[in-house]
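J.: here's a sequence, model it:
(one chain, ligands or ions: 1)
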Amino acid sequence: MSNGSYYLYECSCGRRWEVRKIRAIMRDKDDEQCHCGEDIVSWNGGVMYRVKLVEDKNNK
Ligand SMILES: [Zn+2]
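T.: Just a heads-up that it's a prediction; the model follows:
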């Protein structure tokens, strides 16, 4: 997976997430949440997203 587009999401709790969009063959409906409970991304369709924690100011 090298051609996916991604962006950084900065949660209000201070954590930063890399959000990567992935083309899905099957329809997919799901969401990802920060450890604090806030929504990072949700989707419903022929895509899905992977999130990766890149910075956690609360846990250094
Ligand atoms: Zn958060």
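J.: secondary structure class for K21?
T.: Secondary structure, DSSP: H, G, I helix; E, B strand; the rest coil: K21 is strand.
J.: that one reaches Y6, doesn't it?
T.: Yes. Using Cβ atoms under 8 Å, K21 and Y6 qualify as a contacting pair, with a distance of 6.7 Å. C-betas here are computed from N, CA, C, even on glycine.
J.: quick check: residues of this protein near the ion?
T.: The interface of the chain toward the ion, taken as Cβ under 5 Å from the ion, is made up of 11, 13, 15, 34, 36, 38.
J.: please redo it, this time with the cut-off set to 8 Å
T.: By the rule Cβ under 8 Å from the ion, the part of the chain lying against the ion is 11-15, 34-38.
J.: in strands only, show me these.
T.: For these, not one is inside strands, with DSSP state E as the criterion.
J.: any of those residues buried? List them.
T.: A residue is treated as buried here by neighbour count (16 or more other Cβ atoms under 10 Å); on that basis the buried members of the residues of the chain next to the ion are 11, 15, 34.
J.: and of these, the nearest to K57?
T.: R15 (6.9 Å; Cβ to Cβ).
J.: picking up where we left off before, tell me the two of the residues of the chain next to the ion that are most distant?
T.: Looking at the residues of the chain next to the ion by Cβ to Cβ, the two members farthest from one another are G14 and G37, with 13.8 Å of separation.
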